[in-house]
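K.L.:
below: sequence and its predicted model.
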Amino acid sequence: MPSLANSWFENTITYIFEHNEDGALGFVINRPAPISVAEVYRQLEIDIIDTIKDETVVFEGGPIDNQRGYILFNSESSLPADSGELASHIEAGEHGVSLCGSTGLLDSIGAGNGPEDYLLLLGYAGWGAGQLESEMTENSWLTCAASTDILFNDDFESRFNLAADSLGVDFSRLSNETGHA
């Protein structure tokens, strides 16, 4: 919402992966990091297939622990047959989305047998108990239903508008100022 102007979250879409009485865990899905997926693979010295291009975007998942990588992926994607050990590193979420912080999944993606729909993110967004609810009460956030179509849309720049469209909202008409009738 406009109240987040000039903050780290300005013009972002944050996918809330987990929310419970202890707090919330989320990932920004539309802010590109200054590094490509191919460069991450080069730095980690992991071989990749040619279909992973230098233009494939890594996202700044949030302001917390932004040197650590996370992979959000479509749970309905097939994983490699030998993913038994890898499975212990995967946290299943709601809405058909899972989370992994293991380089084993990067290996699978680099070899071409990982999930087709995935996002590589650096860092995460986190809120303590009641913090996100308080921010929502203050109208800092506008919420829409989670959607793998928005989350894994190839055109990350359109995710913001796709989320707004799902609510029938035109963000250009929103203001942080209140009026008097």
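P.N.:
Now that the structure is in, tell me what you want to look at.
K.L.:
show me where pLDDT drops low in this structure?
P.N.:
1-6, 51-55, 78-90, 92-94, 171-181 (pLDDT under 70).
K.L.:
so Asp47 versus Leu106, what's the distance?
P.N.:
Counting by CB to CB, to the nearest Å, the separation of Asp47 from Leu106 is 11 Å. Quick note: C-beta positions are derived from backbone N, CA and C, even for glycine.
K.L.:
quick one, which of these two is more surrounded?
P.N.:
Neighbours per residue (other CB atoms under 10 Å) separate Asp47 from Leu106, with Leu106 holding more: 22 against 9.
K.L.:
so who does the more buried one touch?
P.N.:
Contact partners of Leu106, counting by CB atoms under 8 Å, 6 or more residues apart in numbering, are 40-41, 44, 46, 69, 71, 114, 120.
K.L.:
what does it show for phi and psi?
P.N.:
Here is the backbone geometry of Leu106 (degrees, to the nearest 10): phi -60, psi -40.
K.L.:
re earlier: give me the common contacts of Asp47 and Leu106.
P.N.:
When contacts are counted by CB under 8 Å, 6+ apart, Asp47 and Leu106 are jointly contacted by Tyr41.
K.L.:
still on that earlier bit, tell me which of the contacts of Leu106 fall in strands.
P.N.:
69, 71, 120 (DSSP state E).
K.L.:
for the first one, which non-adjacent residue is closest in space?
P.N.:
Just to be clear, that refers to Gly69. Leu122 (5.8 Å; CB to CB, 6 or more residues apart in numbering).
K.L.:
quick check: beta-bridge partners of that neighbour?
P.N.:
Glu60, Gly69 (DSSP bridges).
K.L.:
from Gln43, how far out is it?
P.N.:
Using CB to CB, Leu122 is found at 12 Å from Gln43.
K.L.:
same question, Thr56
P.N.:
Using CB to CB, we find Thr56 at a distance of 14 Å from Gln43.
K.L.:
these two: which has the busier surroundings?
P.N.:
Thr56 (15 against 9).
K.L.:
which residues are in contact with that one?
P.N.:
When contacts are counted by CB under 8 Å, 6+ apart, Thr56 touches 36-38.
K.L.:
try Phe160
P.N.:
11-13, 30, 171.
K.L.:
neighbours of the nearest residue to Ala146 once chain neighbours are set aside, how many?
P.N.:
Leaving out its chain neighbours, the residue that sits closest to Ala146 by CB to CB, 6+ apart is His95, at 4.2 Å. Under the neighbour criterion other CB under 10 Å, His95 is assigned a count of 14.
K.L.:
can you give me the strands for this protein?
P.N.:
14-20, 23-28, 32-36, 57-60, 64-74, 90-92, 97-100, 118-128.
K.L.:
save these as CSV, and put in mean neighbour count and distance to Asn153 too.
P.N.:
Output for those, formatted as CSV (neighbours: other CB atoms under 10 Å; distance: least, CB to CB, whole Å):
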stretch, mean neighbour count, distance to Asn153
strand 14-20, 17, 12
strand 23-28, 20, 15
strand 32-36, 14, 14
strand 57-60, 20, 12
strand 64-74, 17, 12
strand 90-92, 14, 22
strand 97-100, 22, 13
strand 118-128, 20, 10
